[in-house]
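**Student:** Curious how this folds, go ahead:
(one chain, ligands or ions: 2)
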Amino acid sequence: MTEPAADAVRIGIVSISDRASSGVYEDKGLPALQAWLTSALRNPIEFVPRLIPDEQAGISATLVELVDIEGCHLVLTTGGTGPAPRDVTPEATLAVADREMPGFGEQMRQISLHFVPTAILSRQVAVIRKQALIINLPGQPKAIAETLAGHANASGIFAAVPYCIDLIGGPYLVTRDEVCKAFRPKSAQR
Ligand SMILES: Nc1ncnc2c1ncn2[C@@H]1O[C@H](COP(=O)(O)OP(=O)(O)OP(=O)(O)O)[C@@H](O)[C@H]1O
Ligand SMILES: Nc1nc2c(c(=O)[nH]1)N[C@H]1C(S)=C(S)[C@@H](COP(=O)(O)O)O[C@H]1N2
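**Tutor:** Ligands and ions are numbered 1, 2, ... in the order given. Below is the predicted model:
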């Protein structure tokens, strides 16, 4: 069987952490995002990485830059989704949204409950801006694979990402089934 055509894709990855961005500890968010996405997607990927502090205006400006100037069709953030005063990633993301996609946040909290009882402390959101999907992930580096890939009892959210990006006019994403089995209706399959 021939492989379906996999378009090239630019993906923004944003690690939001006061301490990692100021060098107090090593950033593990960007490497974890890059490793998971590289293992999950067959597409040629160009990553556009950013490591920034928990500042609302700066986070919003970074998201706008990645979508409007860098042309990313997918942007994943990690960190700053909790209830602490400096956790402002959801507010910064909603501020640049055209539309909210509440199912992603709902499903990620469901999945995360299989890993940690504090899952409901994440206020993570997902939104559409222009032709891009922006998704917040929690700051614990292990939470990246947990929420994207899921659990035996809860589907990872990345399964819904390729079809969402089709619907907003982005490139055709092809996953490796052994890492993440994406779903598309038959009529949308290439
Ligand atoms: N980018 C990162 N790299 C490595 N570990 C991280 C990173 N972000 C968070 N962590 C770890 O996950 C924990 C929870 O993340 P959270 O986003 O709540 O950080 P925080 O306590 O607000 O502090 P900071 O913003 O300075 O990372 C952190 O205390 C840290 O152990
Ligand atoms: N999958 C997963 N979700 C998770 C966690 C985790 O370790 N794994 N940590 C939780 C905790 S302890 C917090 S406080 C919130 C918010 O984390 P953040 O502020 O680092 O984004 O995410 C929650 N969601």
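**Student:** how about the strands of this protein, start to end?
**Tutor:** 9-16, 45-52, 74-78, 99-100, 126-129, 132-137, 150-151, 154-155 (DSSP state E).
**Student:** Relative to the whole chain's centre, how far out is the fifth one?
**Tutor:** Which is strand 126-129. Remark: strand 126-129 is offset 10 Å from the chain centroid, using C-alpha atoms, centre = their mean, to the nearest Å.
**Student:** From the contact counts, what lies against it?
**Tutor:** Helices and strands touching strand 126-129, by 3 or more C-beta pairs under 8 Å, 6 or more residues apart in numbering; DSSP states H and E, are strand 99-100, helix 102-113, strand 132-137. The way it works is simple: take the backbone N, C-alpha and C, and place the C-beta from them, glycine included.
**Student:** before we move on, the earlier item: redo the strands of the chain as CSV? Include mean pLDDT.
**Tutor:** Below are those laid out as CSV (pLDDT from 0 to 100):
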stretch, mean pLDDT
strand 9-16, 98
strand 45-52, 98
strand 74-78, 98
strand 99-100, 98
strand 126-129, 98
strand 132-137, 98
strand 150-151, 94
strand 154-155, 90
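**Student:** which other residues reach stretch 147-163?
**Tutor:** Here stretch 147-163 makes contact (C-beta atoms under 8 Å, 6 or more residues apart in numbering) with 36, 40, 74, 103-104, 107-108, 110-115, 126, 133, 135, 137-138, 172-175, 179-185, 188.
**Student:** May I see the PyMOL selection of the buried members of the residues you listed?
**Tutor:** Of the contacts of stretch 147-163, the buried ones can be selected in PyMOL as follows, counting by 16 or more other C-beta atoms under 10 Å:
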select buried, resi 36+40+74+104+107+108+110+111+112+126+133+135+137+138+172+173+174+175+179+180+182+184
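**Student:** out of the contacts of stretch 147-163, which touch ligand 2?
**Tutor:** Counting by C-beta under 6 Å from any ligand atom, Ser112, Phe115, Pro138 from the contacts of stretch 147-163 sit close to ligand 2.
**Student:** wait, isn't Thr62 in contact with Pro53?
**Tutor:** No - taking contacts as C-beta atoms under 8 Å, Thr62 lies outside contact range of Pro53: 10.6 Å.
**Student:** higher neighbour count, the two?
**Tutor:** Thr62 (23 against 16; other C-beta atoms under 10 Å).
**Student:** residues touching the more buried one, list them.
**Tutor:** The contact partners of Thr62, taken as C-beta under 8 Å, 6+ apart, are Val14, Arg50, Ile52.
**Student:** near ligand 2, which of those residues show up?
**Tutor:** Among the contacts of Thr62, not one lies near ligand 2 by C-beta under 6 Å from any ligand atom.
**Student:** got a winner among those for most neighbours?
**Tutor:** Val14 (28 neighbours).
**Student:** tell me the pLDDT at whichever residue of the chain sits closest to ligand 1?
**Tutor:** In the chain, no residue comes nearer to ligand 1 than Gly139, which is 2.5 Å away by C-beta to the nearest ligand atom. You'll see Gly139 listed with a pLDDT of 98.
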